[in-house]
Every structure is written in structure tokens, then in C-alpha cells.
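> just to be clear, the model below is a prediction. Sequence and coordinates:
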Amino acid sequence: MKQILSHCTDLAAPELGEGVLCIDNGFRIKSDDFSFKNWGRSLSADGNVTAQTLIDLFGHDSICVAGPKDTCVLRPTAIQKLEEWNTALNGGRCEGLAALSTRFLLRMDSPSTFQTNTSSVSALSQDNAKLNSAVVYWWATQFLNEVTDHAATSRGLSPLRLVDDLIQGIAHSVGHTVGIYNGPSGHSLTPFAVTQRGDDFVVHVYDNNHPGERFELFVNSQTNQWRYPRAFRNVDGSFNTWSGGTGTLELTAMSTRKGPFQCSFCNSSLARSSHVITLASRDIRASGFIEVTTENGVLRTSPTDIDNSIDGAIVSIGKGSGGGLVTISLPVTVQNFDVRLVRASQDVPAADVVLGLRRSDGASIQVTGNLAHDVLSNKNRSTALISVTSDETSVRAPKENVARLSLSAGSRISRRVLNAGETLTVKPISQNSIEVSVKGANGSRSPFVPIDLTSQSATTELNVSLDDTGKLTLLPSRVAPIRVSAATPRNFSPGKANQTTTTTVPTIEISEPD
């Protein structure tokens with residue numbers, strides 16, 4: 001039987017409720033937490049994900065075409081990524097708040113850096129532009145391979161093992177954030193203490209949805225399951241309890257967010273890579289849910305669950321209500337598949353979403369609009385929104401309304417507003433070009449037109465339209481440069497965090513259940 005040593009004391013900690021103290025890093029509610037609660041997308045564009053955010057993460061050369069470092073002409077894939085991430089931000093920025101509050105405790109950042117003559121985190125103002133930029137930066141790190149790989153490995157460990165890792169992490173100022181998942185939703189917490197209460201280990205956390213309050217996450221030593229009784233508040237004021245076992249709880253160390261980071265969406269050469277599907281909803285009260293159908297399986301998300309029978313398919317859930325951002329990776333061997341979107345019930349409007357597809361041999365496709373008309377409980381489904389075969393990819397607008405589509409490849413970003421029921425078909429990249437065709441709701445199809453992908457010094461936007469003869473025309477325009485700054489370096493040299501206990505007195509040994 002695998003042993004997990006939990007270095008707890010026999011000391012009471014009244015400020016943490018009943019039980020004995022295992023470890024406490026000195027984080028204190030109403031001082032070290034933000035005074036404002038988690039929020040979604042800001043009304044001000046500068047308070048959201050910007051070109052500067054991407055430059056800070058990946059560098060000027062990855063995000064911008066070659067040119068002066070104080071200006072940026074965004075690459076086509078970066079334009080699409082801004083749309084996707086800013087939509088995902090509607091689900092909340094809990095990951096950013098959890099990570100930044102941890103950095104303050106580790107003294108990697110100081111409140112006075114963001115607000116003059118401020119010594120406590122709780123004194124910081126929500127409308128602080130510099131603070132907002134930092135929160136968004138740390139929020140975005142959850143989507144980077146260097147962070148997601150570490151988090152996925154962590155989710156493969158049992159809850160009890162993670163408690164042991166957390167205790168050791170607090171003792172050595174690792175700076176963990178805690179991630180919890182429930183179906184297609186996720187949330188990020190700041191842990192600061194662990195106590196032992198009966199059969200439970202209690203992880204004491206700052207929940208940025210509820211500033212000024214200490215929350216508790218329980219891990220049962222007998223069942224090896226976790227539960228979080230106050231995960232989200234319902235309209236009537238009651239709370240939803242989230243719970244789970246291995247695979248739904250994670251720890252993310254601050255060191256994984258250090259970089260440098262590889263930009264997974266910047267490289268247009270995707271040969272032999274996975275097909276990647278992403279979904280983000282603009283309104284978490286009317287989220288869209290995804291269904292991917294292949295010849296040998298189906299992957300479905302719903303408000304409470306994820307069902308996956310596609311061999312090799314991987315689902316990643318972002319932190320946020322409704323998942324914030326759902327990312328699905330399909331093996332390159334899956335050549336034929338359909339993508340449909342559904343809404344939770346007839347009582348909510350058709351979900352306004354941003355749907356993305358990067359196939360291994362084609363352009364990066366992004367579709368936006370009120371796309372989820374089908375209802376989850378109804379068995380009958382409309383025609384697939386996206387259909388992929390080895391020869392082509394087709395995007396069909398719903399019969400109820402238009403859909404806005406963009407294609408990104410090379411230095412080109414091509415756009416078209418698809419009329420209701422209209423279909424755009426794009427062929428895979430061949431000889432440094434793609435071919436596109438439009439089929440009207442009446443069944444008439446335009447001839448395929450090539451789009452040259454030769455790299456240029458500037459990004460070109462192409463407006464795809466039909467002329468009077470039914471042929472496609474491409475109207476080019478240049479993407480204007482914007483003012484930017486050099487990438488902001490991030491400090492990873494921690495100060496010495498105060499700690500109220502040590503882990504040198506192992507008085508309780510917990511065995512992981514068989």
C-alpha cells in the first residue's frame with residue numbers, strides 16, 4: 001500500500017476551524033486577498049487580452065510581422081486568438097487572480113508596484129489598468145503547453161497525493177494554485193493552509209469569487225475523494241457542491257508559468273499535428289456545448305458532464321463558468337468528423353459563441369455568431385456546423401441566422417459573413433495556397449478560387465464576396481499597425497514568505513486506500 005506522509009502537528013488552529021494544524025503559509029483573508037470579486041470581460045478593451053498580452057507571453061517576433069518593435073502588425077493567427085481568448089474571458093479570470101495573489105504572497109510581486117503607497121493586496125483597486133493587465137497575463141498562462149502539460153500530470157495523481165504535494169509545496173514556497181473541475185467548468189483557488197479534521201484533510205483557500213471569506217476544500221482520507229461545498233452560488237443564494245476524484249483536482253506550481261513559452265498557434269506548419277477544436281461562449285448564462293462525431297465515436301459536453309468515446313481524443317477545460325474555453329484535440333488519423341453545437345434548453349437563446357478549428361493540413365478556421373440552436377435534450381440534430389473530410393472542410397451557417405467566418409493561413413486572413421444556410425468549403429493547403437468555394441442556401445455553388453499564402457511583410461485581410469455572376473472575389477486590405485511596448489519581464493525570485501509551522505514533525509501517517 002502506497003504511503004502518503006502528512007506532516008501535521010497536534011496543535012489546534014481556531015482561526016481555521018476545528019481540527020489540528022498541518023501547515024499554514026501566513027496568507028490572511030482581508031489582507032492578502034483582493035477586495036473585489038472575480039469578473040469576466042471588461043468594458044474597456046485595455047482591461048482584456050490585448051496584442052501586448054500576447055507579446056508579453058510569446059515575444060514580438062511570434063505575434064507580429066517583422067517590423068519596428070514599438071509597433072505591431074498582428075499575424076493572422078494572433079488576430080483569431082485575441083477573439084477566442086477575449087470571448088473565453090467572459091467565463092471569469094479566476095486563474096489570473098489566483099496566480100497573482102500567490103505571487104504577492106511569495107513576494108515575486110508587490111502591491112506598491114501597481115498602486116503607489118499600497119502595502120496590502122486588499123487595498124488594490126479593481127480599476128487599476130496595470131493590475132488588470134497582470135491578471136489577464138496570468139489568466140492566459142493556463143492555456144500554454146508548458147502549464148497545461150504540468151497540470152495534466154498533476155490531475156493524474158490522487159487527491160490524497162495532491163494534499164501531500166501541497167503541504168510540501170507550502171513548506172518550500174512552491175506557490176501552487178488549486179484547480180477543480182466539474183464537467184465542462186473549472187475554477188482556480190489560492191491554497192494557504194491544511195488542517196486535519198476527523199477523516200478529512202481540509203485545504204483552506206482564498207476563493208476569488210468570494211473575497212473576504214475563508215473557504216474549505218475537503219479531501220477524505222478513507223475514500224480518496226474531494227469535495228468543495230461552496231463552488232458556485234445559485235440564483236436563490238444556495239451553493240452548488242463540486243466533488244470528484246483523480247482527474248478533477250490539480251496543482252499548478254508557479255515555476256511552470258515562468259517561460260519562455262512556445263506559441264502553439266503561431267506556426268502555420270501543422271503537418272502531422274492534431275486537429276484542434278476550440279469553443280468559447282460570450283454569455284455564460286447561455287453557453288454553447290459541443291458534439292464531435294467521428295466514424296468510430298462521439299465526444300459531447302453538457303452543463304454537467306463530458307462523454308468521450310473517440311480513441312485518442314483529449315479534452316482540456318479552461319477555468320471559468322461553462323469552461324471559459326473548451327479545447328479538443330483529435331488524432332491526425334481521424335480524417336472525417338462533424339462538429340455540432342447545442343444549447344442547454346429551449347429556455348435559453350441560441351448560444352453566441354466563437355468556434356475554432358485548426359486541422360493539421362489546412363487553414364485555421366474561426367466561426368462566430370448565434371450558432372447553437374439545437375437543444376441538448378432533443379435527439380434530432382441540424383446539419384453539422386463544420387464537416388471535415390480528408391479532401392475539404394465545410395462550414396455551414398445555421399438556417400436561422402448569419403455566421404461570421406475567418407480563415408487564417410500564411411500572411412492572409414480571409415473573412416466572409418455567411419448568409420443563413422450558406423456553406424463555405426475550403427480545401428487543404430497545397431502548393432502554398434488554399435482554395436475556397438461558397439454554396440448558397442439554394443444549392444448553387446461558386447467555382448473554387450485559390451488564395452495565395454506566400455508570406456509577405458504585412459498581414460493582408462481579404463473580404464470574400466460573390467459578384468453578380470456568382471463568382472468569388474477577394475478584396476484585399478492591409479491590417480493597420482498598433483503601438484506596443486517591449487515584452488514585460490516577470491520576476492521569479494521570491495522573497496522569504498512567512499510560515500507559521502514547519503513540516504519537520506510527522507505525527508500522523510495517512511495511508512492511501514487500496
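Arrived safely, thanks for sending. Residues are numbered from 1 along each chain as shown.
> doesn't N86 fall inside a helix?
Yes: assigned with DSSP: H, G, I helix; E, B strand; the rest coil, N86 falls within a helix.
> the closest residue in space to R214 that isn't next to it in sequence and G212: what is the separation?
Sequence neighbours aside, I29 is the residue nearest to R214 in space, at 5.1 Å (criterion: Cβ to Cβ, 6 or more residues apart in numbering). In this view, the C-beta of every residue, glycine as well, is placed from N, C-alpha and C. Here the criterion is Cβ to Cβ, to the nearest Å. By it, I29 lies 6 Å from G212.
> more neighbours: which of the two?
I29 (19 against 12; other Cβ atoms under 10 Å).
> which ones are touching the more buried one?
I29 is in contact with 206, 212-214, counting by Cβ atoms under 8 Å, 6 or more residues apart in numbering.
> strands along the stretch 1-150 of the chain, start to end?
For the stretch 1-150 of the chain, strands defined by DSSP state E, counting those that start in this stretch occupy the ranges 3-6, 20-24, 71-72.
> still on that earlier bit, how near is the residue nearest to R214 to L57?
31 Å.
> count of residues packed around T256?
17.
> for it, give me phi and psi.
phi -70, psi -20 (degrees, to the nearest 10).
> just give the nearest non-adjacent residue to it, would you?
H150 (4.3 Å).
> tell me the mean pLDDT over stretch 493-504?
Here stretch 493-504 scores 53 as its mean pLDDT.
> if you could redo that for stretch 13-30, that was the one I meant.
96.
> only alpha carbons, please: show that stretch as CSV.
What follows is stretch 13-30, C-alpha atoms only, in CSV (Å, rounded to 0.1, in the frame of the first residue of the first chain):
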residue,chain,number,x,y,z
ALA,A,13,-5.8,26.4,14.8
PRO,A,14,-9.0,28.1,16.0
GLU,A,15,-8.9,30.6,13.2
LEU,A,16,-9.1,27.7,10.7
GLY,A,17,-12.0,25.9,12.5
GLU,A,18,-11.9,22.6,14.2
GLY,A,19,-9.0,20.2,13.7
VAL,A,20,-5.2,20.2,14.0
LEU,A,21,-2.8,22.2,12.0
CYS,A,22,-0.7,20.7,9.3
ILE,A,23,0.8,23.8,7.7
ASP,A,24,-0.1,27.5,7.2
ASN,A,25,1.9,29.9,5.0
GLY,A,26,0.6,33.0,6.7
PHE,A,27,-1.8,34.2,4.0
ARG,A,28,-4.6,36.1,5.6
ILE,A,29,-8.1,36.8,4.3
LYS,A,30,-9.0,40.5,4.1
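> tell me which residues in that stretch are buried?
For stretch 13-30, the neighbour count (16 or more other Cβ atoms under 10 Å) marks 13, 16, 19-25, 27-29 as buried.
> turn those into TSV, columns for distance to K130.
Formatted as TSV, the buried residues of stretch 13-30 follow (distance: Cβ to Cβ, whole Å):
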residue	distance to K130
A13	36
L16	33
G19	40
V20	41
L21	37
C22	36
I23	33
D24	30
N25	26
F27	23
R28	24
I29	24
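> which stretches of the stretch 401-514 of the chain aren't confidently modelled?
455-457, 495-514 (pLDDT under 70).
> in it, which spans are strands?
Along the stretch 401-514 of the chain, the stretches classed as strands by DSSP E, counting those that start in this stretch are 403-409, 412-418, 423-426, 433-439, 449-452, 460-466, 472-478, 482-483, 508-511.
> reformat the ones you listed as TSV; add distance to N145.
As requested, the strands of the stretch 401-514 of the chain are exported to TSV (distance: least, Cβ to Cβ, whole Å):
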stretch	distance to N145
strand 403-409	20
strand 412-418	24
strand 423-426	26
strand 433-439	26
strand 449-452	29
strand 460-466	28
strand 472-478	32
strand 482-483	27
strand 508-511	33
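> so which of the ones you listed gets nearest R340?
Closest of these to R340 is strand 403-409, at 13.4 Å (criterion: Cβ to Cβ).
> so what are the sheet partners of that closest one and their directions?
strand 364-372 (antiparallel), strand 412-418 (antiparallel) (DSSP bridges).
> tell me how far the residue nearest to V464 when sequence neighbours are not counted lies from V426.
Leaving aside its sequence neighbours, V464 sits nearest to R416 (Cβ to Cβ, 6+ apart; 4.1 Å). Distance, R416 to V426, using Cβ to Cβ: 11 Å.
> same thing with R404?
In terms of Cβ to Cβ, R404 sits 15 Å off from V426.
> try D127
Counting by Cβ to Cβ, the gap from D127 to V426 is 43 Å.
> which of those two has more residues huddled nearby?
Shown here are D127 and V426; by other Cβ under 10 Å, V426 has more neighbours (23 against 11).
> so what's the residue count around the nearest residue to that one once chain neighbours are set aside?
Nearest non-adjacent residue to V426, counting by Cβ to Cβ, 6+ apart: V436, 4.9 Å away. Close neighbours of V436, defined as other Cβ under 10 Å, add up to 23.
> what is the neighbour count of R227?
Count around R227 with other Cβ under 10 Å applied: 18.
> same question, Q346
10.
> and what of the one 3 residues further on?
The criterion is other Cβ under 10 Å. On that basis, P349 has 13 neighbouring residues.
> repeat for the one 4 residues further on
One way to gauge burial is a neighbour count; for V353, by other Cβ under 10 Å, it gives 26.
> distance of it relative to S287?
Taking Cβ to Cβ, one finds V353 at 8 Å from S287.
> quick one: contacts for the most centrally placed residue in the chain?
With distances taken as Cα atoms, centre = their mean, G318 lies nearest the centre of the chain, 3.4 Å away. Listed by Cβ under 8 Å, 6+ apart, the contact set of G318 reads 88, 91, 95, 142-143, 186, 324-327.
> can you list those in CSV and add neighbour count?
Shown next, in CSV, are those (neighbours: other Cβ atoms under 10 Å):
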residue, neighbour count
A88, 32
G91, 26
E95, 29
Q142, 27
F143, 24
G186, 28
G324, 31
L325, 25
V326, 26
T327, 20
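> ok, the residues you listed vs S444, which is closest?
Of these, the one sitting nearest to S444 (Cβ to Cβ) turns out to be V326, at 35.0 Å.
> Y228 is in contact with W242, correct?
Yes: with contact defined as Cβ atoms under 8 Å, W242 counts as touching Y228 (4.7 Å).
> overlap in contacts of those two?
I180.
> more neighbours, the two?
Y228 (25 against 22).
> quick check: can you name the pairing partners of the host helix or strand of that one and their directions?
Per DSSP states H and E, Y228 falls inside strand 226-233. As defined by DSSP bridges, the strand partners of strand 226-233 come to strand 214-220 (antiparallel), strand 239-244 (antiparallel).
> just give me the neighbour total for L466.
Neighbour tally, L466, other Cβ under 10 Å: 16.
> separation between it and N419?
From L466 to N419 the distance is 10 Å (Cβ to Cβ).
> on that earlier part again, buried ones in the strand holding Y228?
226-228, 230-231.
> switch those over to a markdown table; also include distance to A384 and pLDDT.
Formatted as a markdown table, the buried residues of strand 226-233 follow (distance: Cβ to Cβ, whole Å; pLDDT from 0 to 100):
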| residue | distance to A384 | pLDDT |
| --- | --- | --- |
| W226 | 37 | 99 |
| R227 | 38 | 98 |
| Y228 | 36 | 98 |
| R230 | 39 | 86 |
| A231 | 34 | 88 |
